Each structure stands twice: as C-alpha cells, then as structure tokens.
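*Asks:* need a structure here:
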Amino acid sequence: MTERVGLGRRPARPPAAVALGSATVVFAAAFALTLAFAPLVAAPASAAVPAGARADDGFVVKLREGASSASVADGVGARLVNGLSRGRAVLRPGTGRSLGTVLAQLQRDPRVEWAEPNMRYAAAEQPNDPCLVALCPGTAVNQWAPSVIKAQAAWDVTHGSASVLVAVIDGGVDGSHPQLAGKVVFGPDYTGTAQDDCWEHGTHVAGTIAAVTNDGTAVAGIGWNTRVLAIRALSYDSSVDECTGTLSSIAKAVDAAVQMGAKVVNLSLAGPFDSKTIRESVKAAVRAGLVVVAAAGNEAQQGNPVEYPAAYPEVLAVAASTPDDKTAFFSERGSWVDVAAPGYRIVSTVPGGGYDEMSGTSMATPHVAAAAALVFAFIPGISGFDVASRIQLSSDPYSGAGGDVRFGRLNILRALVTNGPGYWMVATDGGIFAFGESGFYGSTGGIKLNQPIFAMAATPRRQGYWFVARDGGIFNYGDAGFYGSLGATSLKAAIVGLTATPSGLGYWMAAADGAVFPFGDAKQWGSPAAKVVTAPIVGMAATASGNGYWLVGSDGAVYAFGDAGLYGSMGGKPLNRPIVGMAPTASGLGYWLVATDGGIFAFGDATFHGSTGGLTLNKPIVGMKPTPSGDGYWLVASDGGIFAYNAGYFGSMGGKPLNRPVVGIG
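*Replies:* Numbering: from 1, shown residues only. The predicted structure is shown next:
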C-alpha cells in the first residue's frame, strides 16, 4: 500500500504554485474601486498581476447594481465568458489586450465593485518525510481515527441520515467504488473535462465521510448513513502537472452545494491569498444554514502562512493531528485554526475499488465534515452556526490546544450529546454563578477588592474566565492566562469592558473615555479621541478574526476599528433608557445593542428575537450574551434574573439573595 500526502506525487511545482492543505490556491487580493457611476476615463497604466495569472482564465468581477456585464466587457476590451451568481461574471481579455491593462481599467470602472484575476487552485506538494511514502519501521497503519475522535461511541447515539448531504468540492469521486455504492449524488462538473478524480483525492475524502459502514469491508465512513454530493471543480492541468481549478469554478461549486440541498461543504484545499469571489460564496452558504469546513494547509514548515478559505471567520478551519494526539509536523496552525482532526496516514477509498493511505489537512477536514453531518441528523432543525459551535466547544484538549488551534481535537460524541454551553453571571464582588455546562473555576467572592468587578470574558474553550475591576485589575481562573493588568496604573476613566482574543491568549480592556488597552496577543486597532466620544463607553466586542473591535457608548453610538464593520448605531437617536452593552453575531457581520430596560437594537446580520423593552422589570438589565450560533441571546438583570430569547434557559439568580448585584454575563 503506497502512502502519500495531499493530492499525490508530482515533480517540483512552478514558482506560481503555493502549497495547500492537499490542494494549492494561487489568487490575488481584492482591489478597492470607486463608488460613483461615470463613463470610463482614458485607459490607465497597466496594473500589477500576480504570478501564475492566465489570460485564458481572465478575471472575476463583481458588478454594481444595474451594471451590464457585456457593457463592462466591451468597455475594457474584454469578452464575457460566463456569469456567476450575485452579480459576478468572468471576463477574458480580448485579442492584443494584456491582463495588466484590463485589470487597471476594471479598477477604475465605477460600474465594478471589485475585480480579481481568476487564479487557479492546484494540488499540494508532498512533505518530504520517509514515513509519508512508506511504512515507518516497526509500524502498521490501520484506520486509527474513529477511536480517537469517539466515532464508535457516537454511532451508538446516531447512524446519521441519508438525507444529510456533504458536498465534496474536489477533483471528482468514483461512485462505482464498492464502498461508495449508493452513497454518492453527482452534482455539476465545472471543469469541462473527463470525470477522472485526478490524484484520487476526492474519492479518498468521500470515503472518510461516507464509505459504507458495518459491512465487514475495509474502512468505515465516519458519517455512516451520510451521503456525499460530488461537485467537480478541480481537474488535471498538464501545463503545470497539477490538479487545478479556477476561483470561479470553486465559487460556482459552493453555490451549487447550497442549491442542491447540502448541509455541509467540505473544502480540502487552501491557499495564502484572500479572494472576494470565494468569500462571497462562503458567506452565502453559511447564511443559508450550511457548515463550511476547510483544510488549514500543509505549509507549516514553509512559513506557516494564514490560509484561505479556512481563515474566514465563517469557516471551520481544520488542522491535522497524529495518532499520539499532536499536531502533524506539516499542518499549519495558529489562532485562525478552529480544531484538529486525524490527518496523518489516513486509510480510505481510492478510484478503481482500492484503498490507500494519505496524509494532510485535506484528510483531517472530512472527519469534521462527517461529524457536522451526524449532528445535523441527530438534532433536526439545528442551525449551521449551532453545529459549528458544538464541534468547537466540545473538542478535546490536546497538546496543540490554545496555540496550534483555538479549541481542541474533534470529539464527535461530545458534539452530539452536549446540552449547550450555558452561561456565567458575575457580581461586583467577583462572585460567580454558573449554569448549564459552564463550570465553576473560581471567584473573588469573599476577597477584599480595591475596586468592584465590572465585566467578565470567557476563554474560547469555556474552560475558564477573566474578571476585570474598574481599576483594570485582572483575575483569571481555569484555563484563562494572565497577560497583564492595569491594577497599578493611574487611569483617566474607569474600565468598563473586557473582551478576549479569538485564541484566548490575550484580551482588551476598554475605559469609559474610549481608551483601549491590549494585552497578550491582542493588538491595538485604534480608539476614539475623547472629544469624539459623545457619551461614556459602556462596552466592547471583538470581531471573529480578532483583527478589530467595536466600542459602544451609553447613547448607542458605535465606534468600529480594524476589520470591524459599522453596521449602524443608535447615536443621535432617542432612547427610552441608556445602552448598557453590545454583543457581536457569530459571523462578525452584525451586532446587538441592549439598553437597561432590555430594549434590543439589531444591526447588520443580527436578528431581533425579542426583548424586555416595555415590560416592568424588578431590576435593570446589565448585560447580554448571544448563543454560540447567534440565533438567540440571553439578557441578565442586576438581580441575576435571566431572560432567554431563542436560547436555552439554564437557571437564574432571580429571587435569590445576592451579596452584591450582578454586573455581567459570559
């Protein structure tokens, strides 16, 4: 049995190729364009085009509303190849027109929102390790992954459902394989070439998800009854000896997965450049309720670059783990990676009815995709956000947790049976009240404090938390690390907010005058000048990437920094009661503001689920917390009363004696 990494053997790749999580992507960053509509001006100078861009692949452009793709193409000397969804189109330079010249014109065309070369995904190179091309001395590889991720125990809970489809967007799937018979639904082929599953990659991925289980033959599919939807977007490219696919093909495949009823999308491919084309399709899929899972990449020893689409906050990014529960040497890692799953010497199906071993984050990704399919089958009606959150929060601690990945290594059983994360309340004396699956890790209750506690934040794994006092003093419990405090610093204004970074290796504090103080791996993204703040700051929240944050004032004014989008505010608008806090949506594309009367104001993709506005409350609302999915939220009053909206109720302190009032929820 031959062992390989990624998509298989190949000679050294050309300079334009970039190694992937078992596929490679090379594409351009997006370009900012003008806003107003106007006729084209004189032809601009040629724009820089990334290495590997091909004239015959052209560009992907996003048109502004009302613009004609044919007219835009004519205006820049290009030919319309085909249209994509959501106002996107593929254009190809006309005869004698260079890529750089056409791109520069597209950048200046006010009818174009953005444009990027239609770059190609390509297969990854093999990491150079002898155990990846032959059996290591004294070892024999079997299908070791199911026991590690508790798949056998999960199968006692559910066998999944044939109605749950996992879209495998890849180089094709051999549906005639005996262990994939009846388990493959064939979707569109966006390559225009023969269905050959170049390098056997797609069939291997499909077998991990859906190979017939309990048939006494070879391997077991993690998803048991789950079926795969095979959508072909990669094909063999003889000019570079690679399996490649254009950005437009990948985007079409993701769109098709939504249209054909898939619940999960498996993207066992990655690359170091962001693309608005892919991002837009991924966002649409997640908003439609799908879980998108992507490989973190195999370039750990080549600089460990951040890879896409895995690094998008909407995507579950997967690293590869080994049988001894460590991150595989080739697997990329970092705070942008969510979980790890088995990806080293994985046995699965290959075309022609055979079996083979492969290693790579491409092999880890389908374990997580299959886990998501089992959760969808076991909990009818569950949202995609909730499925992803369960996988994250139920993962097992392992050697790479907290550094290599944000959460831990996949545990399917826990993802199925967890009752939800629950919540904590914190009082001004640091007393903690834990409900649901939220554990008690310690408190300052009974300890004399210099200043009262004002806010709290949970670690990403929810195995610990921090409190912050009004003087900036930090108290950390459980797996929350201490990264610094302001306890001995003279402050101009009291601390009013605390937010953890996505990695849990740092945090920000916000003061009432808008000053922001980063610690650990938190970065300073800006703060409003004191003269700009129209009312005292009362809360803050970080974006899903950790590359930005919001501050909110008591008047509802919102201040956005870094990659935080401004989706609206209540600044300058009449309020019945002052704003007391804010919370972001799971996607980071919206947020809620909450007032002391429990009035809720939703912006961006935040949905209004209910409020206590207009109700007579015993005590004022002091904070809110969204569910992990963003499909609901809890409000907490200063007496510990809980108000749950489209969220589970796990208990409250309402009507019970408190030493000090509650000031926050986490």
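
*Asks:* wait, is residue 104 part of a helix?
*Replies:* Yes: counting by DSSP: H, G, I helix; E, B strand; the rest coil, one finds residue 104 located in a helix.

*Asks:* isn't it right up against residue 48?
*Replies:* No: Residue 104 is beyond contact range of residue 48, at 9.1 Å (criterion: C-beta atoms under 8 Å). Yep, even glycine has a C-beta here, placed from its N, CA and C like the rest.

*Asks:* the more surrounded of those two?
*Replies:* residue 104 (21 against 9; other C-beta atoms under 10 Å).

*Asks:* what's the nearest residue to that one if we skip its chain neighbours?
*Replies:* residue 47 (3.9 Å; C-beta to C-beta, 6 or more residues apart in numbering).

*Asks:* in which helix or strand would I find that neighbour?
*Replies:* Per DSSP states H and E: residue 47 is located in neither a helix nor a strand.

*Asks:* can you pull the contacts of it?
*Replies:* 31, 100-101, 103-104, 107 (C-beta atoms under 8 Å, 6 or more residues apart in numbering).

*Asks:* SS state for residue 284?
*Replies:* From three-state DSSP, the assignment for residue 284 is helix.

*Asks:* Relative to residue 545, how far out is it?
*Replies:* For residue 284, the distance to residue 545 (C-beta to C-beta, to the nearest Å) stands at 19 Å.

*Asks:* cool, and residue 203?
*Replies:* In terms of C-beta to C-beta, residue 203 sits 34 Å off from residue 545.

*Asks:* Who has more neighbours out of the two?
*Replies:* residue 203 (30 against 18).

*Asks:* My guess is that one contacts residue 177. True?
*Replies:* Yes: with contact defined as C-beta under 8 Å, residue 203 reaches residue 177; the gap is 6.5 Å.

*Asks:* Kindly confirm my reading that residue 279 forms part of a strand.
*Replies:* No: Residue 279 is assigned helix when assessed by three-state DSSP, not a strand.

*Asks:* where does the stretch 451-600 of the chain dip in pLDDT?
*Replies:* 461, 530-531 (pLDDT under 70).

*Asks:* 50 - rerun?
*Replies:* Within the stretch 451-600 of the chain, no range satisfies pLDDT under 50.

*Asks:* all strands of it, in order?
*Replies:* Along the stretch 451-600 of the chain, counting by DSSP state E, counting those that start in this stretch, strands occupy 453-458, 464-469, 474-478, 495-500, 506-511, 516-520, 537-542, 548-553, 558-562, 579-584, 590-595, 600-604.

*Asks:* May I see these arranged in JSON lines, with mean neighbour count and distance to residue 185 as well?
*Replies:* Output for the strands of the stretch 451-600 of the chain, formatted as JSON lines (neighbours: other C-beta atoms under 10 Å; distance: least, C-beta to C-beta, whole Å):
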{"stretch": "strand 453-458", "mean neighbour count": "24", "distance to residue 185": "40"}
{"stretch": "strand 464-469", "mean neighbour count": "26", "distance to residue 185": "43"}
{"stretch": "strand 474-478", "mean neighbour count": "19", "distance to residue 185": "44"}
{"stretch": "strand 495-500", "mean neighbour count": "25", "distance to residue 185": "41"}
{"stretch": "strand 506-511", "mean neighbour count": "25", "distance to residue 185": "44"}
{"stretch": "strand 516-520", "mean neighbour count": "19", "distance to residue 185": "46"}
{"stretch": "strand 537-542", "mean neighbour count": "25", "distance to residue 185": "40"}
{"stretch": "strand 548-553", "mean neighbour count": "26", "distance to residue 185": "40"}
{"stretch": "strand 558-562", "mean neighbour count": "20", "distance to residue 185": "41"}
{"stretch": "strand 579-584", "mean neighbour count": "24", "distance to residue 185": "36"}
{"stretch": "strand 590-595", "mean neighbour count": "25", "distance to residue 185": "34"}
{"stretch": "strand 600-604", "mean neighbour count": "19", "distance to residue 185": "35"}
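
*Asks:* Of these, which is nearest residue 161?
*Replies:* Nearest of the strands of the stretch 451-600 of the chain to residue 161, taken as C-beta to C-beta: strand 590-595 at 31.5 Å.

*Asks:* how big is the angle separating that closest one from strand 537-542?
*Replies:* 160 degrees (axes from the mean of the first three to the mean of the last three C-alpha atoms, to 10 degrees).

*Asks:* Residue 412 versus the nearest residue to residue 551 once chain neighbours are set aside, what's the distance?
*Replies:* The shortest distance from residue 551 to any non-neighbouring residue, by C-beta to C-beta, 6+ apart, is to residue 559 (4.4 Å). Remark: distance between residue 559 and residue 412 (C-beta to C-beta) = 41 Å.

*Asks:* can you check residue 263 too?
*Replies:* 16 Å.

*Asks:* Please identify which of the two sits among more neighbours.
*Replies:* Neighbour count, other C-beta under 10 Å: between residue 263 and residue 412, residue 412 has more, with 31 against 26.

*Asks:* Now do the contacts for the more buried one.
*Replies:* Per C-beta under 8 Å, 6+ apart, neighbours of residue 412: 149-151, 153-154, 222, 371, 374.
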